[in-house]
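Q: I'll drop the sequence and a predicted model, then ask my questions.
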Amino acid sequence: MMKLTTAVGLKSEIFVPNTPPAVWSPLTKPLAECRVAFATAGGIHKKTQKPFNLSGDSTYRIIESDTPSDELMVSHGGFDNSDINKDVNAMFPIDRLHELEADGFIGSVAPQLFGFMGGGGNVKNFKEKVGPEIADLLKKEHVDVCIITGGCGTCHRSATIVERAIEAKGISTCIIAALPPIARQQGAPRITAPHVPIGSNAGEPNNIKMQTSILKDTLHFVEDAESFGSLKVLPYEYRHNV
Amino acid sequence: MSITQETLKKHMKDPAILCCLTQKGTVIGAEELEDPTIFPDMIESGLMEVTEDGLLIEDVVGKTLADDADALKSITADMLVEPVLPEIENKPVKPVTQKNKTAITDSTIKDNIHLEINELKGLSLDLPAGFSLGQIVDSGSSNETDETIEDIDKGELTHFEYKVNEVKIGHESSFENGVLTVNENKIADSLKIPLVKKVSIDVIKPEERHVYTETIMDVVPIATKVEGVLGEGTSNILKGAVFMLTGIDEAGIQIHEFGSSEGFLDEKMAFDRPGAADEKDIIIRVHVVIEENTGMERRGPFAAHSALDVIMQDVRDSLKKVRETPNATYHYQDIYRKGRPKVVLVKEIMGQGAMHDNVLMPTEPAGVLGGQKNVDLGNVPVVLTPNEVRDGGIHALTCIGPATKEMTRHYFREPLVHALADDEELNLMGVVFIGSPQVNDEKMYVSRRLGRTIGAMDVAGAIVTTEGFGNNHIDFAANIEAIGKQGVPVVGVSFCAYQGQLVVGNQYMDAMVEINKDAEGFENEIAAYSSIAEEDANRAILMLKTKMAGIPIEAPERKWDASIINANQTITNESVE
């Protein structure tokens, strides 16, 4: 016999979450007629705008879609910024969106796109303010589809909260996730998952082919996904050599 | 969404709610029912109602609907064709999924509770009659502890500790009669490291803490090997003085800025935490300026740590020569405690590259040179002995939130390692360090390796900790699951509170210890504030032993609540006394 000190009445101290209820707005028209927007929790903003507070920020920046990509930058404390410093399209594929419009793959790029810093963010603020506000602005511009990228872990949570608010407004959404389990657990309606590291969620920097493919496949998935929480793994792989 | 047969069986005592609009004449089964595990979220968001006259799942399965019925409302007796005679007094009015684990009540404890522990051979626990909830159970009697249980000595580490009374900056490193001199000529050597642009050293005395500091990158203990390799033999260590690394880039941006901790030192450090400087320590501050825009890339912060190491190595070399009588001597034994339940401590460390990395097993205690970075090792699990950890086997390069990161000194004094190693009721097999990789596939890869490593150790219990919060919680959940799946009881230890709420979870995460110490539950940017302290270690160990003994750990509240932690602490303090 030996001693083992135990106690009765201990209680687990941390809540372990379940997925929130479904939000679902299926796409009702062909992509070639859709107005497509983009939002990222990866801390992208115009160089002329106020940078995000790197330790946690619940504000967002409106990025007019005619902003040249070299006038954009990143302020984000949650991951290695070097890929975005090389090519902002790695997180926020604004150039690829314009190319898809020129090719007739989508109807148009929405006039306003959005950047926020999802890391360490205040859940309540994203749920009650940022998400609904961005959703309202998108709805006002008659946006049909909004694609989203996360960034770090908590960014995926913030990104998904905003995504759910947009989807709840009747706009079809999909998150391109580097961390699909977080997006799924947080209740993302649609998830595509290329094999990419945090920091280049939308594909390898300066790899136009990969970025285009990820974006096209994601848009197709907005058409094809049948139910809430659908996830599609995309066959693109990029390893960030840190 | 409907549920599976398996979920159905688990939730027979939960309220019956239709998942969708259901037609008259339908025979109710799993396909028609909503998943009870999401009820709390649904109720909270106003999407669902559970009424008092609602039936339980066991009442409705196989019954026929009398009329068309709406989704997300309680099924009541009048909605069914067949009569149901519910025992009203036993019906819960709220979902019970979170509560029904509290199996022990005063009425169940009549004479004796006999508990069998599957993971142990031949152990049985006889609990005293008539104890009440919250009471400590000491499951052995006094004469049993006198039995000789053979221990196997696996190695000894001796720390000779010398007290520092004064620190000077000079031209030769030395330690004599309590006076430590740091050689500032070594700055020239540290400037040879690529990306390092400027280095300065100054001394901050205990009574002069209200000084401005750039972000606190690390706190590093002063220790050196005198005999043997790291983790065995002897080391000389200094008490009363500690190095602190701070850094910015040439543009003045704080290095590894995810909530950096620049500001007045007295407001920016939680003194006396295992990873921090103590109130009475003399702090030797090494401030490093690195090349512009490299602070958020892997090479930048590492250059700063390497510059510090150059200066510290000169101090270590002088410390090797000390021949004075130490102020204190500590003997640490790595012991295999035969017959006691085997346990393991798993420490998840950051491994996302950039500024999220650590050096494992350097040549010198808490040093940099000679070690391997966990990112370079692919973040796979690496086993250290308790003495290797206590002798400075980890040099932390991690940048994540100041309050929740574990600095180098934390590992040197890690309360869980010390408490588990010293606990005579347990047989600590080792401390496993596992990195948190950047890519999701890699996270799953290393978790699986961890599961197999722990499986091979054949342990009866495990504690898994993580620093930080956010994407590393994916690994944290996966690591706990990988161990739990082997049938090993696990306790998880993390900062979650408000800001770090878990983003993923699984069924094995039912015994969790919260290390937040901020009143609002935020990462408050005060270095070491919400890192593991001795009291957290004690709660985790008691919770592990309790779970190993098969005694229920109650389900958590849905939201972070400091009073739960305080209640557990009270129970724990009584048991530790």
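A: Received, thanks. Residues are numbered from 1 along each chain as shown, chains lettered A, B, ... in the order given.
Q: Point out where chain A drops to low pLDDT.
A: For chain A, applying pLDDT under 70 flags the ranges A:1, A:18-19, A:55, A:120-121, A:241-242.
Q: Which single strand of it contains the most residues?
A: With DSSP state E setting the assignment, residue counts place strand A:230-237 as the longest strand in chain A.
Q: cool, and chain B?
A: Max-length strand for chain B by DSSP E is strand B:233-249.
Q: Show me what that one is packed up against.
A: Applying 3 or more C-beta pairs under 8 Å, 6 or more residues apart in numbering or on different chains; DSSP states H and E, we find strand B:233-249 packed against strand B:151-163, strand B:216-227, strand B:282-290, helix B:299-320. The way it works is simple: take the backbone N, C-alpha and C, and place the C-beta from them, glycine included.
Q: So which of these is nearest chain A?
A: Closest of the helices and strands packed on strand B:233-249 to chain A is helix B:299-320, at 8.9 Å (criterion: C-beta to the nearest C-beta).
Q: OK, contacts around the spatially closest residue to B:Arg409 that is not a sequence neighbour?
A: Leaving aside its sequence neighbours, B:Arg409 sits nearest to B:Val219 (C-beta to C-beta, 6 or more residues apart in numbering or on different chains; 4.6 Å). Residues counted as contacts of B:Val219 (C-beta atoms under 8 Å, 6 or more residues apart in numbering or on different chains) are B:Val242, B:Phe243, B:Met244, B:Leu245, B:Gly275, B:Ala276, B:Ala277, B:Met407, B:Thr408, B:Arg409, B:Ala527, B:Ala528.
Q: and with 10 Å instead?
A: B:242-245, B:269, B:273-278, B:281, B:283, B:366, B:396, B:407-410, B:412, B:527-528 (C-beta atoms under 10 Å, 6 or more residues apart in numbering or on different chains).
Q: do B:Thr234 as well
A: B:156-160, B:224-228, B:329, B:331, B:391.
Q: Dump these into TSV; add pLDDT, distance to chain A and neighbour count as well.
A: Listed next are the contacts of B:Thr234 as TSV, based on pLDDT from 0 to 100; distance: C-beta to the nearest C-beta, whole Å; neighbours: other C-beta atoms under 10 Å in any protein chain shown:
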residue	pLDDT	distance to chain A	neighbour count
B:Glu156	94	24	15
B:Leu157	97	26	22
B:Thr158	97	29	18
B:His159	98	28	19
B:Phe160	98	33	19
B:Thr224	98	31	25
B:Lys225	98	31	22
B:Val226	97	36	15
B:Glu227	97	35	11
B:Gly228	97	32	15
B:Thr329	97	29	11
B:His331	96	24	9
B:Asp391	98	28	30
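Q: what's the closest of these to A:Gly131?
A: Nearest to A:Gly131, judged by C-beta to C-beta, of the contacts of B:Thr234 is B:Asp391 at 49.5 Å.
Q: From B:Glu279, how far off is the closest one?
A: Distance, B:Asp391 to B:Glu279, by C-beta to C-beta, to the nearest Å: 25 Å.
Q: For chain A, which segments count as strands?
A: Going by DSSP E, chain A shows strands at A:5-7, A:35-40, A:44-46, A:60-64, A:72-74, A:108-109, A:112-116, A:145-149, A:172-176, A:190-195, A:230-237.
Q: For chain B, tell me whether the last one is touching it.
A: The one in question is strand A:230-237. Yes. Applying C-beta under 10 Å from any C-beta of the partner chain, one finds strand A:230-237 touching chain B at A:Val233, A:Glu237.
Q: For that strand, which residues meet the burial criterion?
A: A:Ser230, A:Leu231, A:Lys232, A:Leu234, A:Tyr236 (16 or more other C-beta atoms under 10 Å in any protein chain shown).
Q: Pretty sure the fourth one sits against A:Leu219.
A: No. Between A:Leu234 and A:Leu219 there is no contact, the gap being 11.9 Å when judged by C-beta atoms under 10 Å.
Q: Could you tell me which residues touch both of these two?
A: A:Thr192.
Q: The longest strand of chain A: how far from the chain's middle?
A: 15 Å (C-alpha atoms, centre = their mean, to the nearest Å).
Q: Residue in chain B with the shortest distance to chain A?
A: For chain B, C-beta to the nearest C-beta, closest residue to chain A: B:Asn471, 2.6 Å.
Q: Please name the nearest non-neighbouring residue to that residue.
A: A:Gly153 (2.6 Å).
Q: Then B:Trp560?
A: B:Ala497 is the one closest to B:Trp560 (C-beta to C-beta, 6+ apart), at 4.8 Å.
Q: Same question for B:Thr215.
A: Looking at B:Thr215 with C-beta to C-beta, 6+ apart, the closest residue is B:Ser260, at 3.6 Å.
Q: Give the burial count for the one you found, as a bare number.
A: 26 (other C-beta atoms under 10 Å in any protein chain shown).
Q: Are we agreed that it is in a helix?
A: No. According to DSSP: H, G, I helix; E, B strand; the rest coil, B:Ser260 belongs to no helix; its state is coil.
Q: Where do the helices of the chain begin and end?
A: Just so you know, I chose chain A. A:82-86, A:94-102, A:123-125, A:131-140, A:153-168, A:180-185, A:208-224 (DSSP state H).
Q: meant chain B, my bad for not saying
A: Using DSSP H, helices in chain B cover B:5-10, B:39-44, B:57-60, B:186-190, B:265-268, B:299-320, B:386-390, B:408-412, B:415-422, B:440-457, B:472-484, B:534-548, B:562-576.
Q: Format those as JSON lines; extra columns: mean neighbour count and mean pLDDT.
A: JSON lines is the format used below for the helices of chain B (neighbours: other C-beta atoms under 10 Å in any protein chain shown; pLDDT from 0 to 100):
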{"stretch": "helix B:5-10", "mean neighbour count": "14", "mean pLDDT": "80"}
{"stretch": "helix B:39-44", "mean neighbour count": "18", "mean pLDDT": "66"}
{"stretch": "helix B:57-60", "mean neighbour count": "22", "mean pLDDT": "91"}
{"stretch": "helix B:186-190", "mean neighbour count": "18", "mean pLDDT": "98"}
{"stretch": "helix B:265-268", "mean neighbour count": "17", "mean pLDDT": "97"}
{"stretch": "helix B:299-320", "mean neighbour count": "23", "mean pLDDT": "97"}
{"stretch": "helix B:386-390", "mean neighbour count": "25", "mean pLDDT": "98"}
{"stretch": "helix B:408-412", "mean neighbour count": "26", "mean pLDDT": "97"}
{"stretch": "helix B:415-422", "mean neighbour count": "20", "mean pLDDT": "97"}
{"stretch": "helix B:440-457", "mean neighbour count": "19", "mean pLDDT": "92"}
{"stretch": "helix B:472-484", "mean neighbour count": "27", "mean pLDDT": "93"}
{"stretch": "helix B:534-548", "mean neighbour count": "24", "mean pLDDT": "98"}
{"stretch": "helix B:562-576", "mean neighbour count": "17", "mean pLDDT": "95"}
